[in-house]
Each structure stands twice: as C-alpha cells, then as structure tokens.
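**Student:** please work out how this folds:
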Amino acid sequence: MNNLYGTLNELLVKLFNDILQIEEQALKGDQFQNLSITEIHVIEAIGLECLRNMSAVARDLDITIGTLTISINNLLRKGYVNRARSEEDRRIVLISLTEKGEQAFRHHADFHDEMINTTISKLSDEEMKVLISALGNINSYFKNKYNLKNSQGKLSKKI
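**Tutor:** Numbering: from 1, shown residues only. I've put the predicted structure just below:
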C-alpha cells in the first residue's frame with residue numbers, strides 16, 4: 001500500500017507539472033510565444049462570446065479585478081483584446097478578443113483537444129469511466145479542501 005501511495009503521489013505531481021510545462025512549450029514554439037500561461041488563461045476565460053465585463057471574467061478566474069486589469073493591459077498592448085466602456089453604464093468595462101485573440105483561443109483549445117484525444121484514444125469504455133470517476137474524485141477533493149469552486153462550478157485557475 002505504501003508503495004502504491006508513493007507511486008500515485010509521484011504520478012499526480014509529475015502529471016500536473018508536465019501538463020503545465022507542455023502547455024507552456026506549446027505556446028513558446030508558435031506564433032503566440034509572446035503570451036504567458038496566465039494570459040492564455042485570461043483569453044480562455046474571455047472566450048469567443050461577444051463582450052464580457054471585467055467582473056464576470058475576474059469571477060470566473062477567481063482573481064481580483066486589479067489582477068485582471070494588469071493582464072488585460074498586457075493583452076491590449078499585445079493586440080489580443082479590446083476594451084471599452086459600456087454605453088449603458090460607463091462604470092462597466094467590457095472586454096472581447098480581437099481576431100488575434102480569437103486565433104490564440106482556438107490554438108489553445110486545439111492543444112487541449114489533442115491532449116484529451118490522445119489520452120482517451122487507447123482506453124476502453126470501462127477504462128474511460130474509471131478515469132473520469134478518478135479524476136472527478138481528485139477534482140472534488142481539491143475544490144472542497146481548498147475552496148476552489150468559482151461561480152461556474154469549475155476548478156479555478158489561479159493566475
């Protein structure tokens with residue numbers, strides 16, 4: 001049992017670290033190399049919807065508006081986002097992706113699609129169910145233990 005525990009601990013730690021490192025390398029080797037992982041996750045949170053307000057994006061990422069503002073300023077300077085005041089309420093700041101931002105969003109989504117497709121390609125239906133159950137249990141543990149549940153019920157991405 002002790003050996004099993006050590007093996008599982010090693011696999012989980014290595015997996016978490018490897019995914020972040022691979023994700024970062026995937027960005028560095030292409031046209032989006034000027035983006036940090038933090039910035040790509042902000043782009044992901046903004047999404048392909050029309051306009052989103054800063055408060056909603058900050059809430060989705062479980063960060064402060066001030067922290068988001070720093071990332072948005074960088075993304076604005078790099079040409080990935082647009083920022084405007086709401087016509088109805090000038091206090092509300094609306095953000096959206098530029099065409100370049102949408103390309104980065106799709107590139108990152110493709111990375112995740114490839115990762116998932118590769119992961120499940122050799123699994124039987126039963127193995128898939130076990131994997132989903134195990135990952136769901138791990139996700140629930142982290143959400144409950146560290147109160148990481150955000151407004152959409154997703155595991156928060158701390159940036």
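**Student:** for this protein, which helix or strand comes out least confident on mean pLDDT?
**Tutor:** helix 2-28 (a mean of 85; mean pLDDT, DSSP states H and E).
**Student:** next helix or strand past that one?
**Tutor:** Using DSSP states H and E, the helix or strand that follows helix 2-28 in sequence is helix 37-46.
**Student:** can you name every helix or strand that that next one contacts?
**Tutor:** Helices and strands touching helix 37-46, by 3 or more C-beta pairs under 8 Å, 6 or more residues apart in numbering; DSSP states H and E, are helix 2-28, helix 54-61, helix 65-78, strand 93-97, helix 99-120. (Glycine included, C-beta is placed from N, CA and C.)
**Student:** quick one: the third one to strand 93-97, angle?
**Tutor:** For helix 65-78 against strand 93-97, the angle by axes from the mean of the first three to the mean of the last three C-alpha atoms, to 10 degrees is 50 degrees.
**Student:** tell me the mean pLDDT over helix 65-78?
**Tutor:** The average pLDDT within helix 65-78 is 96.
**Student:** just how off-centre is that helix within its chain?
**Tutor:** When distances are taken as C-alpha atoms, centre = their mean, to the nearest Å, helix 65-78 is centred 16 Å away from the chain's centroid.
**Student:** and the contacts of the next helix or strand after it?
**Tutor:** Following helix 65-78 in sequence order, the next helix or strand is strand 81-85 (DSSP H and E). Residues outside strand 81-85 that contact it (C-beta atoms under 8 Å, 6 or more residues apart in numbering) are 43, 46, 51, 72, 75-76, 91-98, 101.
**Student:** follow-up on the earlier one: to Ser140, which of the helices and strands packed on helix 37-46 lies closest?
**Tutor:** Set against Ser140 and scored by C-beta to C-beta, the helices and strands packed on helix 37-46 come closest in helix 2-28, at 14.6 Å.
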